[in-house]
Structures are given as structure tokens and as C-alpha cells.
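Novice: Starting from these lines, generate the structure:
(one chain, ligands or ions: 1)
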Amino acid sequence: METLVLKLHEIEAVKFGNFKLKSGIFSPIYLDLRVIVSYPDVLRQVSEAMWKAVEGNAKFDVTCGVPYTALPIATAMALDHGLKMLMRRKEVKEYGTKKAIEGHFEPGQTCLMVDDLVTSGMSVLETLDALNAVKLVCTDVVVLIDREQGGKENLKSHGLNLYSALTISEILSILSKHGKLTDEVVKSVHDFIAANKVVKPKVETQAAPKRLSYEEKAALAKNEALKRLYNTMVAKKSNLSVAMDVNSTEKMLALVDEIGPHICCLKTHVDVLDVWNDGVAKSLTDLAEKHNFLIFEDRKFADIGNTVVSQYSGGVYKISEWSDIVNAHIVPGPGIVDGLKQVGLGQNKGLLLLAEMSSAGTMAKGSYTEETVRVADENPDFVIGFISVNPNSWTKKSKDRSLVHMTPGIKLQKGGDGLGQQYNDPKSAIARGSDVLIVGRGVYKAEDPKSSAAEYQKAGWEAYLSEL
Ligand SMILES: O=c1ccn([C@@H]2O[C@H](COP(=O)(O)O)[C@@H](O)[C@H]2O)c(=O)[nH]1
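Specialist: Here you go, the predicted model:
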């Protein structure tokens, strides 16, 4: 440790003088660990010293560097000890994945936070918030230097154990022993530290808002179809919606009868069927009654208000007569919601807005997704929720916690279909804030669609219960 401290002093990562801090106060010591990236031997010694401080004390699945100074340190530690590492973004991008935490992990895994130094613990607590928001569990933090200004106590009060390779007192005593500091400087630093203890960090952690149960959402719901959906989910212990995208009407009806007991909602694409008439519509609504599920026609309306009125209520399909839920893009502007509402509200129907899509390269993201929240908030009587993929990353902007998130692109095995579809497994989708999982080929193309529906029902429901 002596060699490391002398080296840190030599490269001016630890400096003594009279330094104006961000807070405006003057400090006789200044720590600038950013410079160690220019000294690979020091970087390795630092990461090794930190590893020794935490090794055997903390149990964890992954590590996460606190941006920015600690990122190279965490990387060195990960490389030398074969640790899985995550990175926190300070600025969440408006494009791409919009992830605050980069890297692969599973919700519920434990994460060791890696920082360069701790004063009050504020930056660690900000990272803790970001990690907790994606359901990572954190109990331990490792730093190179504890400034002994109250950070350890503050972190403890948030349930975090702090491990440090060095304290300011140890640095002072090593440098003084080697004649690098006068007694006067040592005393001024001790006095400064004692006089500048930070008892409580100014930023309190924001616990991730508790997820509402389906019963709680039902109680808040302002729309009849939405209330019915949640009540059905609770009664059947199912958050599964099957997308029955087969072309044969006969096969569709037979399969729906088989899987009916396992679903809360059937999703249809009426325009892919080979036969459609009032009799088929009647068979479908009879099955919905027999097995107690709602019907969601995935029509994805995208026209002006006047046109969608006809598309929803008229034509060959007369969608409003047999479906409980439809969906729409907001590309045309709010007039599309007004048009659909004119038809559906009086008949207790509900509308989902396509906030995100599961397909690669989707344009439904960023400010477009956020605009759907605004449109939903303006129509609480008719808009019942969203087609979404990663709702936890943007729903904080919504006032209405009753809204439902229905997520397509679900399969027990992650992957794609070669045509842009991107699959997530039920557990990760629910952890990202989804309420209803939409499964198509995973069920209707399975060897035994009924068993497959039962399997997805169980996986989805267990994932939901584990989040409460
Ligand atoms: O973003 C979206 C919106 C809708 N879908 C529809 O969901 C199903 C998914 O079927 P799989 O066979 O499970 O891929 C299908 O009806 C799509 O039209 C979607 O996938 N993504």
C-alpha cells in the first residue's frame, strides 16, 4: 500500500495546497483519480488494492462502475478477475436502447458498485437508484479512498456496506512517514476533514415506485373494458394474451377453444383470416364468453378521425361490434383518438396506443413514445394503455397508474424471427413493466398449443407475483 500511496502522490492524483472545491470552500487536499488512466501500472495496482479490500467480504453476480472515474478501475478489476461488469450511463440517450444500465444481467442479481472515492456517498446513491430501477440488488460498494467525511455512515443508512482500500488518515500517515508532508499540512487536512463531515447526502434515494397489483389497477381504472381486463386477469391468474395469427378461420376457432382457459385476452388480426362473416364474429364472441377472455383486434388504425370512424364501425369486419379493445398509432395526431372514441366509448370499448413496437429499427421511441403518454392522459375515459416494450423507462411521465402495458415479441427463448421481430422472455418483459404478455408463434406454432399456452400462463403469472 505504501508504494501505491507514494505513486499516487507522485502522479498528483493526491495533491496538497489550497484548492477551491465545487461547493466554494477551500480544501488543503485534492484527490484527482482521473489521472490514473495515463498510468497503466498504477491503474492495475489501484484495482488490485480495491479487489483485496472487497474479495471474500462481498458476494455479487455483477459489478458496476460509478461513472466516470471508476469505469476504467472497474474494467481493470473485471479483466483481472473475470468479473461480469455493467456500466451506468449518466445521460440516458434519447435514441437507441435508452438504457441507463448497459450490459447483460437478470433482474434479482446482486451487484457490487465500484467507485474511486467516497465523500458523502451521493454519487453512489444515484447509481444505486439506477441499479434498483432495473431490479438489481446492491448491498456492497468498494472504493479506493474513503475521505472519512461521513460517506460510510450515510451508505450504511441506505443498507450499503463500504469497503475501501485506503482512508485519508492512512494516506497522510504514509506520506508523512516518507517525509512528503510536514506536520502542519497533516494537521490542516485532519482539521479540514473533521470540520467538513457530511452527515446526510443532500439527495435522498428515490425508491422505485411500488408496482401496483392488477387488483389495485382495476380499482383505479376509469374505463369499463380496462376494469374487465384486470378482473379477468385476477380471476384466471393469467396475464397471457395469445395472438392467434393463423389464416384458416376454422383452425383459429378450434385453437381458441383449446387455449381459451389460459388467456385473459385473445389478440386477433381479422384481415389474415380466409373467411369472415357475422357467424364467425358470433363464434368468436361465444368463445370469449365461454372461456372468459376479452378480444383485442390488433388493427393498428393510423388514419384521420373521419376515416377511422368507418374503419372501426363499418366495412366487412365491423370491428367495433365484436372486439373489446383496438389499437392505434398517433401518427395522424389526436383526431384519430377522437374518431375512435366517437364509436367505441358508448359501447364500453377501450383503445391502446402504440407507444413502442417490438420490431428492430422501430421509429416509435423517444419523444414519439412520450407523446403517446400525453394523448393517453388527455383521454382517460377511452385510452386504456399502450403497446409497449420497455415501459419502466418512460412511464414515469404518466399521471395515470391504471393504464395497461401490453407487450408483443414474447417467447420463452429470446431471439428474433429473421424479419425484424425481437423476442424477450416473460420474466424480463414483466420486470420492464409489462402487464400483459402477447405470445403468437410461441403458442400457435407449438406442437401442443394448449400445453404451451399453459406454460406461458404460468411463466407470466409467476413473473408478475415475483415483482409485487
Ligand atoms: O410491436 C408490435 C406490435 C404488434 N405485434 C403483433 O404481435 C404478434 C406477435 O406475434 P409473434 O408470433 O409472437 O411474433 C403479432 O400478431 C404481431 O402483429 C408485434 O409483434 N409487435
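
Novice: all strands in the stretch 51-200 of the chain, in order from the N-terminus.
Specialist: For the stretch 51-200 of the chain, the strands defined by DSSP state E, counting those that start in this stretch cover 62-65, 85-88, 101-102, 110-118, 137-146, 161-167.

Novice: Quick one: closest of the ones you listed to residue 348.
Specialist: Between residue 348 and these, the tightest spacing by Cβ to Cβ is seen for strand 101-102, at 40.7 Å. Every residue, glycine included, has its C-beta placed from N, CA and C.

Novice: Secondary structure of residue 17: a strand, I assume?
Specialist: Yes. Assessed by DSSP: H, G, I helix; E, B strand; the rest coil, residue 17 belongs to a strand.

Novice: how about residue 356, phi and psi?
Specialist: Dihedral angles of residue 356 (phi, psi; degrees, to the nearest 10) stand at phi -140, psi 160.

Novice: what about it, neighbour count?
Specialist: For residue 356, the neighbour count with other Cβ atoms under 10 Å is 23.

Novice: my read: it touches residue 389, true?
Specialist: Yes. If you go by Cβ atoms under 8 Å, residue 356 and residue 389 touch, sitting 4.4 Å apart.

Novice: Turn the strands of the stretch 51-200 of the chain into a markdown table, columns for mean pLDDT, mean neighbour count and distance to the ligand.
Specialist: As requested, the strands of the stretch 51-200 of the chain are arranged in a markdown table below (pLDDT from 0 to 100; neighbours: other Cβ atoms under 10 Å; distance: least, Cβ to the nearest ligand atom, whole Å):
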| stretch | mean pLDDT | mean neighbour count | distance to the ligand |
| --- | --- | --- | --- |
| strand 62-65 | 94 | 24 | 29 |
| strand 85-88 | 93 | 22 | 27 |
| strand 101-102 | 90 | 16 | 23 |
| strand 110-118 | 94 | 24 | 30 |
| strand 137-146 | 94 | 23 | 31 |
| strand 161-167 | 96 | 20 | 43 |
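
Novice: any low-confidence regions in the stretch 301-450 of the chain?
Specialist: 396-398 (pLDDT under 70).

Novice: domains of this structure?
Specialist: Using automatic domain parsing, the domain ranges for the chain come out as 2-195, 214-467.

Novice: Residue of this structure closest to the ligand, please.
Specialist: Using Cβ to the nearest ligand atom, the closest approach of the chain to the ligand is made by residue 440 at 2.5 Å.

Novice: elements contacting the helix or strand that contains residue 369?
Specialist: Using DSSP states H and E, residue 369 sits in helix 366-378. Applying 3 or more Cβ pairs under 8 Å, 6 or more residues apart in numbering; DSSP states H and E, one finds that helix 366-378 contacts strand 350-354, strand 383-387.

Novice: need the strands of the stretch 51-200 of the chain in TSV with distance to residue 283, can you?
Specialist: Shown next, in TSV, are these (distance: least, Cβ to Cβ, whole Å):
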stretch	distance to residue 283
strand 62-65	51
strand 85-88	50
strand 101-102	47
strand 110-118	51
strand 137-146	49
strand 161-167	62
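
Novice: of these, which approaches residue 385 most closely?
Specialist: strand 101-102 (25.3 Å).

Novice: For the residue nearest to residue 369 when sequence neighbours are not counted, give me its contacts.
Specialist: The shortest distance from residue 369 to any non-neighbouring residue, by Cβ to Cβ, 6 or more residues apart in numbering, is to residue 355 (4.8 Å). Contacts for residue 355 were tallied using Cβ atoms under 8 Å, 6 or more residues apart in numbering; they are 364, 369, 372-373, 386-388, 391, 394.

Novice: now do 7 Å
Specialist: 364, 369, 372, 386-388 (Cβ atoms under 7 Å, 6 or more residues apart in numbering).

Novice: What is the burial count for residue 17?
Specialist: Neighbours of residue 17 using other Cβ under 10 Å come to 10.

Novice: As TSV, the helices and strands packed on helix 366-378 with distance to residue 223 and mean neighbour count would be great.
Specialist: Output for those, formatted as TSV (distance: least, Cβ to Cβ, whole Å; neighbours: other Cβ atoms under 10 Å):
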stretch	distance to residue 223	mean neighbour count
strand 350-354	5	25
strand 383-387	5	28
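
Novice: Correct me if wrong: residue 35 contacts residue 10.
Specialist: No. Residue 35 is beyond contact range of residue 10, at 10.8 Å (criterion: Cβ atoms under 7 Å).

Novice: Can you name every helix or strand that the host helix or strand of residue 451 contacts?
Specialist: Following DSSP H and E, one finds residue 451 within helix 449-467. Applying 3 or more Cβ pairs under 7 Å, 6 or more residues apart in numbering; DSSP states H and E, we find helix 449-467 packed against strand 240-243, helix 249-259, helix 426-431, strand 436-439, helix 441-444.

Novice: what residues does the first one touch?
Specialist: Translated: strand 240-243. For strand 240-243, using Cβ under 7 Å, 6+ apart, the contacting residues are 259, 262-267, 296, 406, 408, 436-440, 443, 453, 456-457, 460.

Novice: same question, the fourth one
Specialist: The contact list for strand 436-439 (Cβ under 7 Å, 6+ apart) reads 239-243, 264-265, 267, 404, 406-408, 410-411, 426, 429, 456, 460.

Novice: what residues are up against residue 239?
Specialist: Residue 239 neighbours (Cβ under 7 Å, 6+ apart): 233, 264, 435-437, 460-461, 464.

Novice: Let me see the backbone angles for it.
Specialist: Dihedral angles for residue 239 - degrees, to the nearest 10 - are phi -110, psi 30.

Novice: How about residue 332?
Specialist: phi -70, psi -10.

Novice: what sits against it?
Specialist: Counting by Cβ under 7 Å, 6+ apart, residue 332 has contacts 302-304.

Novice: at 8 Å what do you get?
Specialist: Neighbours of residue 332 in contact, by Cβ under 8 Å, 6+ apart: 302-305.

Novice: what does residue 67 give?
Specialist: So residue 67 contacts 87-90, 127 (Cβ under 8 Å, 6+ apart).

Novice: Identify the bridge partners of residue 145.
Specialist: Residues in a beta bridge with residue 145, per DSSP bridges, are residue 117, residue 166.

Novice: now it: how far from residue 331?
Specialist: 53 Å (Cβ to Cβ, to the nearest Å).

Novice: try residue 283
Specialist: Taking Cβ to Cβ, one finds residue 283 at 34 Å from residue 331.

Novice: Looking at these two, which is more packed in?
Specialist: More crowded of residue 283 and residue 331, by other Cβ under 10 Å: residue 283, with 18 against 12.

Novice: Please point out which parts of stretch 454-468 sit buried.
Specialist: Neighbour-count burial for stretch 454-468 flags 454-457, 459-461, 463-464, 467 (criterion: 16 or more other Cβ atoms under 10 Å).

Novice: Good, we can wrap up now.
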